[in-house]
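>>> Please work out how this folds:
(one chain, ligands or ions: 2)
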Amino acid sequence: MLRVVNLTKVYTTGFLRRRTVLAVDGINFAVQEGEIISLVGESGSGKTTTAQMILRFLPPTSGKVEFEGKDIWAFKTKKELKSYWRQVHGIFQDPYAAFNPMYKADRILYQVFNLMDSHISISDRRRLVREALEAMKLRPEEVMGRYPHQLSGGQRQRMMIARCYILKPKLIVADEPLSMVDASVRAGILKLFLELRDRYKTAVIFITHDLGLAYYMSQRILVMHRGKVVEEATPEEILSAPQHPYTRRLIEDIPLIVRKWVDI
Ligand SMILES: Nc1ncnc2c1ncn2[C@@H]1O[C@H](COP(=O)(O)OP(=O)(O)OP(=O)(O)O)[C@@H](O)[C@H]1O
Ligand SMILES: [Mg+2]
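Ligands and ions are numbered 1, 2, ... in the order given. Coordinates of the predicted model:
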């Protein structure tokens, strides 16, 4: 469904843009329908940069991203872009940056209908929003009528996932989607991803620095290190026979509590 080919991003910074950062260094991978893959790596390894290029927010320096056989940077018209963002939707590490601070939660949630067919009735829209909030364990009175800054980090993150729940995209690119939610809500959200996959064949690119979570969630794990994919394998293979020294270090870093929880 999605294919990433030699994807590379070089950032330029500093005086006369002379300083360069090779954030993503020629990575390749593919995601099938209904598949959950994890992108694991330490801070600064290029995960968010990769996510942003897949979501077409950031142009690659070279290489390409193909969705259903088409180069996503060839999409030019509003219609093509809308259709892409309906099918490939992002959940961000920092939801505060993703929401318009001038919009109240209601508007942020109802906005997703702009990406969808216009024939969805008002009552269906209300029902979809209600169900999405319920699935995220958000009480309407807790969020509706509030601006993003009046919500907690975890509530903002759950709002973003609620939007995915309404849209039912083909692929969710989830960049550290659980960084701000507590353990009680975390398990529910993980289950929700699995449920969306089982019910609607939603594929997920799950980005995390936690190999334990990746093990629990995904069919395939890609380990990123300094902009490169250094290892790609099933969770079982990665844990039983890690090939790259960096992967071995990540395994040692899996917190005890996660080990108990996912039973490794
Ligand atoms: N806009 C930018 N300009 C210059 N350099 C950047 C920019 N954004 C990211 N970088 C650099 O690119 C590299 C990869 O950053 P990226 O945000 O993709 O990492 P990450 O794997 O998502 O890390 P984290 O786990 O901390 O979120 C880092 O060295 C970062 O400092
Ligand atoms: Mg990041």
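>>> Which parts of the stretch 51-200 of the chain are strands?
Using DSSP state E, counting those that start in this stretch, the strands of the stretch 51-200 of the chain run over residues 62-67, 70-71, 88-91, 171-175.
>>> could these go into CSV alongside mean neighbour count and distance to ligand 2?
Every C-beta, even on glycine, is put in place using the N, C-alpha and C of the backbone. Listed next are the strands of the stretch 51-200 of the chain as CSV, based on neighbours: other CB atoms under 10 Å; distance: least, CB to the ion, whole Å:
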stretch, mean neighbour count, distance to ligand 2
strand 62-67, 16, 18
strand 70-71, 12, 25
strand 88-91, 24, 12
strand 171-175, 24, 6
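>>> now the ones you listed in a markdown table, with mean pLDDT?
A markdown table is the format used below for the strands of the stretch 51-200 of the chain (pLDDT from 0 to 100):
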| stretch | mean pLDDT |
| --- | --- |
| strand 62-67 | 97 |
| strand 70-71 | 96 |
| strand 88-91 | 92 |
| strand 171-175 | 95 |
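>>> among those, which is nearest ligand 1?
Minimum separation from ligand 1 across the strands of the stretch 51-200 of the chain (CB to the nearest ligand atom) falls at strand 171-175, 7.1 Å.
>>> Partner strands of that closest one and their direction?
Here strand 171-175 is paired, per DSSP bridges, with strand 88-91 (parallel), strand 203-208 (parallel).
>>> Reformat the ones you listed as TSV; add distance to ligand 1.
Listed next are the strands paired with strand 171-175 as TSV, based on distance: least, CB to the nearest ligand atom, whole Å:
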stretch	distance to ligand 1
strand 88-91	13
strand 203-208	7
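>>> Rebuild those strands as JSON lines, extending it with distance to His119.
Output for the strands paired with strand 171-175, formatted as JSON lines (distance: least, CB to CB, whole Å):
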{"stretch": "strand 88-91", "distance to His119": "20"}
{"stretch": "strand 203-208", "distance to His119": "26"}
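>>> can you tell which of the ones you listed is closest to Tyr11?
strand 203-208 (18.4 Å; CB to CB).
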